[in-house]
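K.L.:
sequence and predicted model, in that order:
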Amino acid sequence: MAQKSLIYSFVARGTVILAEYTEFSGNFTGIAAQCLQKLPATSSKFTYNCDGHTFNYLVDEGFTYCVVAVESIGRQLPIAFLERIKEEFTNKYAGGKASTATANSLNREFGSKLREQMQYCVDHPEEISKIAKVKAQVSEVKGVMMENIEKVLDRGEKIEILVDRSENLRSQAQDFRTQGTQMRRKMWFQNMKVKLIVLAIIVALILIIILSACGGFRCGSRS
């Protein structure tokens, strides 16, 4: 890989590192492990800065995903990498041996996945950036929705008001559809009436012209 954007990555259960990957040597592995010991158990994202590098962590459901990156590439790419690793690790080991695996026992199976994802994120930064922005927008919408729901759940009467409003909206929508159908039928009949009137006028004009040209009803008679 020979790139220095994403330097080191690991997946841990609690403080036990199950799989890790790096092509470089240095004290960053020890610093990352020390930070791991101090992370809170709650699901969240954390970034620490040290000597021009960032130590990025994603904690979710008892597992911690970490990547050490060069500080100059920003935070979006490392976090996007962690999201991809979390998804792949969860799909592969959900409810499986990851819950009982020992230290570094998943290196053979998952170490190569860490390498592949690191390389992919480095080779496709624009694509990763676009995906990260979309996910961030979705997360923001979910956060607002959850916040609104929690505000509603604070008092029971608000739920009833919300339900009543929903019923009113459904009723209004049904009335609107009924009125729309009636209006379309009315407009159709009016259009047909106008067309029939225009057709009758045209026919009458044609008859008048024919009768005028033929001198009344004696058209075609010989003296």
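P.N.:
Everything's here; your move. Numbering: from 1, shown residues only.

K.L.:
and the strand or helix carrying N49, which strands flank it?
P.N.:
Under the criterion DSSP states H and E, the helix or strand holding N49 is strand 44-50. If you go by DSSP bridges, strand 44-50 pairs up with strand 53-60 (antiparallel).

K.L.:
centre of the chain versus the strand it pairs with, how much separation?
P.N.:
For strand 53-60, the distance from its own C-alpha centre to the chain's C-alpha centre is 23 Å (CA atoms, centre = their mean, to the nearest Å).

K.L.:
now the nearest residue to A101 once chain neighbours are set aside: how far from L207?
P.N.:
Distance criterion CB to CB, 6 or more residues apart in numbering; nearest residue to A101, sequence neighbours excluded, is L18 at 5.2 Å. Every residue, glycine included, has its C-beta placed from N, CA and C. Counting by CB to CB, to the nearest Å, the gap from L18 to L207 is 96 Å.

K.L.:
these two: which is more packed in?
P.N.:
For L18 versus L207, neighbours defined as other CB atoms under 10 Å are more numerous around L18 (25 against 10).

K.L.:
contact partners for the more buried one?
P.N.:
Each residue near L18 by CB atoms under 8 Å, 6 or more residues apart in numbering is listed here: 10-12, 98, 101, 103-106, 110.

K.L.:
of the residues you listed, which is the most crowded?
P.N.:
With neighbours set by other CB under 10 Å, the maximum within the contacts of L18 is found at V11, which has 27 neighbours.

K.L.:
now do the SS call for it.
P.N.:
Under DSSP: H, G, I helix; E, B strand; the rest coil, the three-state class of V11 is strand.

K.L.:
what's across from it in the sheet?
P.N.:
V11 has the following beta-bridge partners by DSSP bridges: A19, Y65.
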